[in-house]
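Q: Provided below are the primary sequence and the corresponding predicted coordinates.
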Amino acid sequence: MLPIQVIGSLNIDLTVVLPRFHLPGETLTGQDFRVYPGGKGGNQAVAAARLGAQVYFVGMVGEDDNGRLYQRVMQEEGIRADGVGITSEAPTGVALIEVDSKGENRIAVVPGANALVEDAFVEEKQGYPPEKKVCMLQLEIPLYSVTRAAQRARQRGDIVVLDPAPAIPLQDSLLGYVDYITPNEGELSRLTGLPTGTLEEAEAAARQLLERGAGHVVAKLGGNGCLYVDQERAIHAPGFQVKVVDTTAAGDSFNAGLAFALANGYETERMLRFANAVGACSTTGAGAQSAMPTFEQAEAMLKRD
């Protein structure tokens, strides 16, 4: 199995459970409040480690209690954190998360130390481990750092996986370094300006990303599974029916499942079903990282269906 390197964000999630999302100016009484380690980078790293991958992280936290909390989490999860910097110039990133009674969420992010993950820092840390690996990227650190990290990873022969979230306009130069891009339906639409409400529309939008340089597109469709598109074919892998508790970080878990499958050389159909299973399992518990499954739990989901 190839090692997995995650270059990205580390946030502390402040999560409140509400009966419904409130209206502007309205005050609602919450049903629960929890503090979880999160951030798209951290979530994907923990999810991949839970599955059994050897994970290396590059990112930054503040010199504060939240930063120390995250360092403990990485140690407990077996993640190599040699590439995590500590800064006194900004606090550890924070995400404010609302979860309604249906398990849907709304999120506001304060980047903090994540905004200081500059290219020079990433370049210093990115070369370890030196062997071929799966390089996982997201868009919660500066875009220039992401682009240059993808370029270096491609030059070294790594498999580059980009989660284009939160969605922002992307240059074709970045897409040209990406082996697998994994937008959800909304992100795919924002990246291309095309509708994505049907499988046919999603495939057309995905093919635009291929034309702009991406190697493969894996569109995350929530409960409808995912859609894989390359130059020759399109494959829809249906989702799994589960009782949803909290969808926070389901996409991050999916990405970790995809990276784990790539690291293990799974063929395409098996890769897609495994990623779907990991994502579905993560929605059956509360919180982001606390609900991420082990390899055995993901395999049990596959055998169940």
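A: Here it is on my side, so go on. Numbering: from 1, shown residues only.
Q: could you say what helices and strands the helix or strand hosting Lys125 packs with?
A: Element membership for Lys125 (DSSP states H and E) is helix 119-126. With contacts defined as 3 or more Cβ pairs under 8 Å, 6 or more residues apart in numbering; DSSP states H and E, the packing partners of helix 119-126 are strand 4-7, strand 55-62, strand 80-87, helix 143-155. Every residue, glycine included, has its C-beta placed from N, CA and C.
Q: Tell me which of these lies nearest to Asn264.
A: Checking these against Asn264 by Cβ to Cβ gives strand 4-7 as the closest, at 10.5 Å.
Q: Run me through the strand neighbours of that closest one, direction for each.
A: Sheet pairing here is set by DSSP bridges, and for strand 4-7 it gives strand 55-62 (parallel), strand 134-137 (parallel).
Q: got those as TSV, with mean pLDDT and distance to Gln126 columns?
A: Converted to TSV, the strands paired with strand 4-7 look like this (pLDDT from 0 to 100; distance: least, Cβ to Cβ, whole Å):
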stretch	mean pLDDT	distance to Gln126
strand 55-62	98	6
strand 134-137	98	8
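Q: out of those strands, nearest to Leu174?
A: Nearest to Leu174 among the strands paired with strand 4-7 is strand 134-137 (9.3 Å), distances taken as Cβ to Cβ.
Q: Return the set of buried residues in that closest one.
A: 134-137 (16 or more other Cβ atoms under 10 Å).
Q: again with stretch 76-86
A: Result for stretch 76-86 [16+ other Cβ under 10 Å]: buried residues 77, 79-81, 83-85.
Q: out of those residues, what pair is the most spread apart?
A: Glu77 and Gly85 (18.7 Å).
Q: can you count the residues close to Arg154?
A: When neighbours are defined as other Cβ atoms under 10 Å, Arg154 has 17 of them.
Q: thinking again about what came up before, closest one to Ala49 among the strands paired with strand 4-7?
A: Of the strands paired with strand 4-7, the one closest to Ala49 (Cβ to Cβ) turns out to be strand 55-62, at 4.6 Å.
Q: what inclination does the closest one have with respect to strand 80-87?
A: Taking axes from the mean of the first three to the mean of the last three Cα atoms, to 10 degrees, one finds that strand 55-62 is oriented at 20 degrees with respect to strand 80-87.
Q: now strand 55-62, how far from the centre of its chain.
A: 14 Å (Cα atoms, centre = their mean, to the nearest Å).
Q: Which other helices and strands does the following helix or strand past it contact?
A: Using DSSP H and E, the helix or strand that follows strand 55-62 in sequence is helix 65-77. When contacts are defined as 3+ Cβ pairs under 8 Å, 6+ apart, helix 65-77 packs onto strand 11-17, strand 32-38, helix 40-51, strand 55-62, strand 80-87.
Q: again, only using 10 Å
A: Where contact means 3 or more Cβ pairs under 10 Å, 6 or more residues apart in numbering; DSSP states H and E, helix 65-77 is packed against strand 11-17, strand 32-38, helix 40-51, strand 55-62, strand 80-87, strand 93-99.
Q: who does the second one touch, helix- and strand-wise?
A: By that I understand strand 32-38. Using 3+ Cβ pairs under 10 Å, 6+ apart, strand 32-38 sits against strand 11-17, helix 40-51, helix 65-77, strand 93-99.
Q: Take those and write them to JSON lines, including distance to Pro111.
A: Putting the helices and strands packed on strand 32-38 into JSON lines (distance: least, Cβ to Cβ, whole Å) gives the following:
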{"stretch": "strand 11-17", "distance to Pro111": "8"}
{"stretch": "helix 40-51", "distance to Pro111": "11"}
{"stretch": "helix 65-77", "distance to Pro111": "13"}
{"stretch": "strand 93-99", "distance to Pro111": "5"}
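Q: Pick the most deeply packed of those.
A: helix 40-51 (a mean of 30; mean count of other Cβ atoms under 10 Å).
Q: My read is that Asn66 contacts Ala90, right?
A: No - the pair Asn66 / Ala90 is not scored as a contact, 11.3 Å apart, by Cβ atoms under 10 Å.
Q: residues shared between the contacts of these two?
A: Overlap of the contact sets of Asn66 and Ala90 (by Cβ atoms under 10 Å, 6 or more residues apart in numbering) consists of 112-113.
Q: Please pull out the lowest mean pLDDT helix or strand from this protein.
A: strand 105-110 (a mean of 88; mean pLDDT, DSSP states H and E).
Q: Quick check: nearest residue in space to Ile7, chain neighbours excluded?
A: Among residues not flanking Ile7 along the chain, Val58 sits closest, at 4.4 Å (Cβ to Cβ, 6 or more residues apart in numbering).
Q: No further queries at this time; thank you.
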